[in-house]
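Novice: Sequence plus the predicted model coming up.
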Amino acid sequence: MAAPLELSCWGGGWGLPSVHSESLVVMAYAKFSGAPLKVNVIDNTWRGSRGDVPILTTEDNIVSQPAKILNFLRKQKYNADYELSAKQGADTLAYIALLEEKLLPAVLHTFWVESDNYFTVTKPWFASQIPFPLSLILPGRMSRGPILSSPAETHMLRK
């Protein structure tokens, strides 16, 4: 029997299982590949081993970052692409690139850069999920943190 797989990630809102895009990537892949994943909702990213979410935990391993988690799942024989033809696999890679290059910056801009949306939706939701006093600090830190990792990326999204 395979080791239990536990995914620690931000909780959901607005009908989604998680509001964190990277957590949604891992959850969707696990669902499509049939991986038995138990989701643990955390209310702040400092509970993680290094502060990263999502975090996949097994008996022997702790894996963070979506690409590393997906590779780990593939090595455990949970592969959503196993039955695809070469053309279908290439189409999948093209769609992934399209989503990462075009849709992800738009989503990040909508959540974290557009000030009206940030102050009326994003910040209040994240603050409601985080215990006091971190709820006063962490949403602002998240908006300036790894989501927009460099001033150049922030400038590009603000254009």
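Specialist: That came through, no problem.
Novice: only C-alpha atoms for contact and neighbour calcs from this point on.
Specialist: OK.
Novice: contacting residues for residue 11?
Specialist: Contacts here follow C-alpha atoms under 8 Å, 6 or more residues apart in numbering; on that basis residue 11 touches 17, 18, 19, 20, 41, 42, 43.
Novice: pLDDT score assigned to it?
Specialist: pLDDT recorded at residue 11 is 80.
Novice: try residue 100
Specialist: Residue 100 is given a pLDDT of 85.
Novice: Now the phi/psi pair for the residue positioned nearest the centre of the chain, please.
Specialist: With distances taken as C-alpha atoms, centre = their mean, residue 22 lies nearest the centre of the chain, 1.6 Å away. Note on residue 22: its backbone torsions stand at phi -70, psi -30 [degrees, to the nearest 10].
Novice: Which residue, neighbours along the chain excluded, lies closest to it?
Specialist: Leaving aside its chain neighbours, residue 22 sits nearest to residue 66 (6.1 Å; criterion: C-alpha to C-alpha, 6 or more residues apart in numbering).
Novice: Residue 4 too?
Specialist: Distances taken as C-alpha to C-alpha, 6+ apart put residue 58 closest to residue 4, at 5.8 Å, once the chain neighbours are dropped.
Novice: can you give me the end-to-end distance of stretch 107-124?
Specialist: 17 Å (C-alpha to C-alpha, to the nearest Å).
Novice: Please identify the buried residues of it?
Specialist: Buried residues in stretch 107-124, counted by 16 or more other C-alpha atoms under 10 Å: 108, 109, 110, 111, 112, 113, 118, 122, 123.
Novice: and it, how far from the chain's centre?
Specialist: Mean-position distance between stretch 107-124 and its chain equals 17 Å (C-alpha atoms, centre = their mean, to the nearest Å).
Novice: hmm, back to that, looking at it, the residue nearest to the centre of the chain is touching residue 64, isn't it?
Specialist: No. Taking contacts as C-alpha atoms under 8 Å, residue 22 lies outside contact range of residue 64: 10.3 Å.
Novice: just the strands in this structure please.
Specialist: Using DSSP state E, the strands assigned to the chain run over residues 5-10, 37-42, 55-57, 62-64.
Novice: Nearest to residue 140, out of those?
Specialist: With respect to residue 140, and counting by C-alpha to C-alpha, the nearest of these is strand 5-10 at 16.1 Å.
Novice: So this protein: which segments form each domain?
Specialist: Listed domain ranges for the chain are 5-76, 86-149 (source: the TED database).
Novice: And stretch 31-40, how far out from the chain middle?
Specialist: A distance of 14 Å separates the centroid of the chain from that of stretch 31-40, by C-alpha atoms, centre = their mean.
Novice: Nothing else from me, thank you.
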